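Q: Turn this into a model:
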Amino acid sequence: MYDLVILSNAPGEITTWVYPVWRELQQQNLPVRVSVILSPCQNACGTEADLIRSWGIDRVLPASQFWQFLLWGKTPRWDWYEHGTVLFLGGDQFYTVVIGKRLGYRTITYAEWTARWAGMIDYLALRHARISVPAKYQHKAQVVGDLMLCQAKNLNGLHPVERESVPLVVFMPGSKPHKLQIGVPLCLRTIEVLLDMIAQEKSPAKLQVAIALAPTVTPEQFMTYAPPQFSLHSTGVISPSGKSIHLHRQFPAYELLSQASLCVTTVGANTAELASWAVPMLVVLPTSAEHMDIKVAWDGILGLLNGNRLFSQLINRYMVARLRRRGQKLAWPNIWAGEEVVPELWGKITPEFLANTIIDYLQQPEKLQEMRQKLQSLCAKELEDNLNAAQRLVALIAKL
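A: From the prediction side, this is the model:
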């Protein structure tokens, strides 16, 4: 037998990087024992270890025990095989070096943007060929593709030729605390406005709505961010007017999203998945004054300083202004295209504004179809290059 140690940290990396690799490992049936070690992350929800265990992975070390392992090698009575590989799939790439040295295992770093510590890593698995690697380490580098897009292959055959006649709008408020803090109240209040508009016949005669929970977010955690007028019930969330809002918990949520007429989401890996499945979306970025004091996990030193209300306000205002000034796109399909393929809604986003924007799109199905076609065209090449990213990465593990 052979040990494969996967390092990861946040919900996005776990669901879009670790999960596709784990699924591919199962399909390849390699003689490996898989251990996932989670490093502390301010974007984590605390349920990541439970989610990973539910997939059937052999061993999981929660983030609360990470430093004891990194510094002293302590684990809950784990043994180690003589040979193994440490695979970086999220966190700090330097941890791969330390743990590889501690265990005497070979190391692989999956690099999404930057390949660090190239001289101390055995192999570099690159998301794309544009990632810079020093010339003397080029022999270690191999382009495997974008793991986020591996999930698209699981929708093969699931897209119906014709969707149901009743439009379905799916809200995806995110998994990170700072996103949930804004997204949960906005989603619930927008849905309440939509349901009122239906009752007043100011919207399509019928409309289905659902909230797709991130797999690391439980209904109870979701409700801690909800306005007090909303309550949790076995059938879902009950609105102040007594209407039931469906909470979808299945992961991956392929079948729900394949039926969606429109998704309302925020920035993150989910925009790449929705794009690869050609699901029209509105990407919501509330940046009004009342949201400027929320702690956001910006990269680098600004993320470290973003720890109190005053710093949060200053840093968030600076970062938002900088992004807007540059015209920088944040949704993955817009990044790939270099232009706005799916709408990014910045600024003061009220439930009324968002509800009316949703209705506007639903009443103009040609706009949704145009968005769907653009996503299909944009992602055709991306999918061709990246559908087998997990397969290439597992082949590299098998090589070792």
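Q: now the helices: where do they sit in the stretch 51-200 of the chain?
A: 66-72, 93-103, 177-199 (DSSP state H, counting those that start in this stretch).
Q: Including distance to residue 366, mean neighbour count and mean pLDDT, could those helices go into TSV?
A: All C-beta atoms are positioned from the backbone trio N, CA, C, and that covers glycine. Formatted as TSV, the entries for those read as follows, by distance: least, C-beta to C-beta, whole Å; neighbours: other C-beta atoms under 10 Å; pLDDT from 0 to 100:
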stretch	distance to residue 366	mean neighbour count	mean pLDDT
helix 66-72	51	14	94
helix 93-103	46	18	96
helix 177-199	21	21	90
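Q: who touches residue 75 in this structure?
A: When contacts are counted by C-beta atoms under 8 Å, 6 or more residues apart in numbering, residue 75 touches 61, 65, 69.
Q: Dump those to JSON lines, plus distance to residue 12.
A: Written out in JSON lines, the entries for the contacts of residue 75 read as follows (distance: C-beta to C-beta, whole Å):
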{"residue": "61", "distance to residue 12": "19"}
{"residue": "65", "distance to residue 12": "22"}
{"residue": "69", "distance to residue 12": "23"}
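Q: ok, back up a step: kindly reformat the helices of the stretch 51-200 of the chain as CSV containing distance to residue 23.
A: Written out in CSV, the entries for the helices of the stretch 51-200 of the chain read as follows (distance: least, C-beta to C-beta, whole Å):
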stretch, distance to residue 23
helix 66-72, 24
helix 93-103, 22
helix 177-199, 26
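Q: Which one of the ones you listed lies nearest to residue 32?
A: Nearest of those to residue 32, taken as C-beta to C-beta: helix 93-103 at 14.1 Å.
Q: Show the secondary-structure elements that that closest one is packed against.
A: strand 2-8, helix 66-72, strand 84-88, strand 106-111 (3 or more C-beta pairs under 8 Å, 6 or more residues apart in numbering; DSSP states H and E).
Q: Most tightly packed of those?
A: Mean neighbour count (mean count of other C-beta atoms under 10 Å) peaks for strand 84-88 among these, with a mean of 26.
Q: by how many degrees do it and strand 106-111 diverge?
A: Inter-element angle recorded for strand 84-88 and strand 106-111: 20 degrees (by axes from the mean of the first three to the mean of the last three C-alpha atoms, to 10 degrees).
Q: Let me see the ranges of the strands in the stretch 101-250 of the chain.
A: Across the stretch 101-250 of the chain, reading from the start of the chain, the strands by DSSP state E, counting those that start in this stretch fall at 106-111, 123-126, 141-143, 168-171, 208-212, 231-233, 236-238, 244-248.
Q: can you state the direction angle for the last one and helix 177-199?
A: Relative orientation of strand 244-248 with respect to helix 177-199: 140 degrees, computed using the same axes, to 10 degrees.
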